[in-house]
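**Student:** Give the three-dimensional model of this entry:
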Amino acid sequence: MQIQWYPGHMTKTKRMLKTQLGLVDVVIELLDARLPQSSKNPDIDELAQGKQRLLVLNKADLADKAVTAQWEAYYRRLGFFSLPMDSTQRTAVKPLANRVREIMLPKTERQRDRGRISAPIKAMVVGIPNVGKSTFINQLAGKASAATADRPGVTRGRQWIKVRDLQARGTADAADFDLMDTPGVLWPKFEDEQVGLRLAVTGAVNDVILDMVTLAEQLIVMLLEINPVAIVARYRVSTDDQGTAKTPRRILEDIGGARGFKMRGGAIDLERAAITLLDEFRAGKLGRITLEQPEQMGEQA
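**Tutor:** As a prediction, the model looks like this:
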């Protein structure tokens, strides 16, 4: 199942990122903690050369906690600052502010030596579609400053959002932030078919262009390898028949049957079963599942 999605506005976004990077001190890149490397846009590494970086492993509440810790160690070995985060939680603000403060400490100390103690930290927030950038921005701002939706491609233009006294919410020191929210952007071609599939099952690719039944079958293949118990526990269906492994299509049919998704004549509504499986996986209803592990990546970021 070959998946490619690169609408025209993403080309415009990439050009915009390149021209605006000179205005910021630090680049905060949001990754999906369930697939950190597949959700890490390789173009950002090239565009953000020379800038301070923070990788936020967002949606950490949906990912396997132990594997997320392995990803933190992996990126630390590669020289990146990283931070797991659930950007829907208010408590996420303090550790984020502390980590950015740590990254920017050399610059803020130089500014202090020059008598500049109130200059805000300017940060660009980047990431693939549907990774949670707008929710992240709103949590830091303490208000609805960016439009959010459970689908990719909502943010279409950059916007500056002023965040005042962010540190004061959780520490004794205050730090002002100017955050640049940017549209989600992928890269023109997924060289690895599995990268496209992982992005699609987590909702980073527009569902309109996808065959949802085939995509759900691919998700079942992933789950059978990573955590087959998740399927059994959620849908009360078996993944084998008297010791013989069921096909992904048979499992999807069983899920539809267990939920009562039948069409006229008694046939299983596979489309409805597929959408249900994908929606429930994306919402974390199958448990905390990470689709890739650091040892699969070698030592390249």
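
**Student:** Can you find the helix or strand in the chain with the smallest mean pLDDT?
**Tutor:** Here the helix or strand of the chain ranked lowest by mean pLDDT, DSSP states H and E is strand 159-163, holding a mean of 76.

**Student:** What strands line up against it, and which way round?
**Tutor:** strand 177-181 (antiparallel) (DSSP bridges).

**Student:** Now do the partner strand, average pLDDT.
**Tutor:** Strand 177-181 comes out with an average pLDDT of 84.

**Student:** for the stretch 51-200 of the chain, what spans make up the helices?
**Tutor:** 65-77, 93-113, 133-141, 193-201 (DSSP state H, counting those that start in this stretch).

**Student:** Minimum distance to residue 18: which of the ones you listed has it?
**Tutor:** In terms of Cβ to Cβ, the element of those nearest to residue 18 is helix 133-141, at 18.1 Å. C-beta coordinates here come from the backbone N, C-alpha and C atoms, glycine included.

**Student:** so that closest one versus strand 159-163, what angle?
**Tutor:** 30 degrees (axes from the mean of the first three to the mean of the last three Cα atoms, to 10 degrees).

**Student:** and helix 133-141 with helix 93-113, angle?
**Tutor:** 70 degrees.

**Student:** Which elements pack onto helix 133-141?
**Tutor:** With contacts taken as 3 or more Cβ pairs under 8 Å, 6 or more residues apart in numbering; DSSP states H and E, helix 133-141 sits against helix 93-113, strand 121-127, strand 159-163, strand 177-181.

**Student:** Okay, now the unreliable bits of this protein?
**Tutor:** 1-2, 4-7, 116-118, 143-158, 164-175, 297-301 (pLDDT under 70).

**Student:** residue closest to the middle of it?
**Tutor:** Central residue of the chain (Cα atoms, centre = their mean): residue 32, 2.4 Å from the mean position.

**Student:** would you turn the helices and strands packed on helix 133-141 into TSV with mean neighbour count and distance to residue 78?
**Tutor:** Converted to TSV, those look like this (neighbours: other Cβ atoms under 10 Å; distance: least, Cβ to Cβ, whole Å):
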stretch	mean neighbour count	distance to residue 78
helix 93-113	15	15
strand 121-127	23	18
strand 159-163	15	28
strand 177-181	22	25
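
**Student:** Now distance to residue 224 too, for those, in JSON lines please.
**Tutor:** Output for the helices and strands packed on helix 133-141, formatted as JSON lines (distance: least, Cβ to Cβ, whole Å):
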{"stretch": "helix 93-113", "distance to residue 224": "35"}
{"stretch": "strand 121-127", "distance to residue 224": "29"}
{"stretch": "strand 159-163", "distance to residue 224": "42"}
{"stretch": "strand 177-181", "distance to residue 224": "38"}
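
**Student:** Of those, which is nearest residue 271?
**Tutor:** It is, among the helices and strands packed on helix 133-141 and with distance given as Cβ to Cβ, strand 121-127, at 29.7 Å.

**Student:** And the contacts of the closest one?
**Tutor:** 17, 20-21, 23-31, 39, 41, 44, 48, 58, 100, 104, 108, 133, 136-137, 175-182, 184-185 (Cβ atoms under 8 Å, 6 or more residues apart in numbering).

**Student:** re earlier: which one of the helices of the stretch 51-200 of the chain lies closest to residue 241?
**Tutor:** helix 193-201 (24.8 Å).

**Student:** Which strands or helices does whichever helix or strand comes after that closest one pack on?
**Tutor:** Toward the C-terminus, helix 193-201 is succeeded by helix 212-226 as the next helix or strand (DSSP states H and E). If contacts are counted by 3+ Cβ pairs under 8 Å, 6+ apart, helix 212-226 sits against helix 193-201, helix 228-235, helix 248-258, helix 270-282.

**Student:** Save those helices as a markdown table, and put in distance to residue 291 and mean neighbour count too.
**Tutor:** Listed next are the helices and strands packed on helix 212-226 as a markdown table, based on distance: least, Cβ to Cβ, whole Å; neighbours: other Cβ atoms under 10 Å:
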| stretch | distance to residue 291 | mean neighbour count |
| --- | --- | --- |
| helix 193-201 | 5 | 21 |
| helix 228-235 | 12 | 16 |
| helix 248-258 | 16 | 20 |
| helix 270-282 | 10 | 20 |
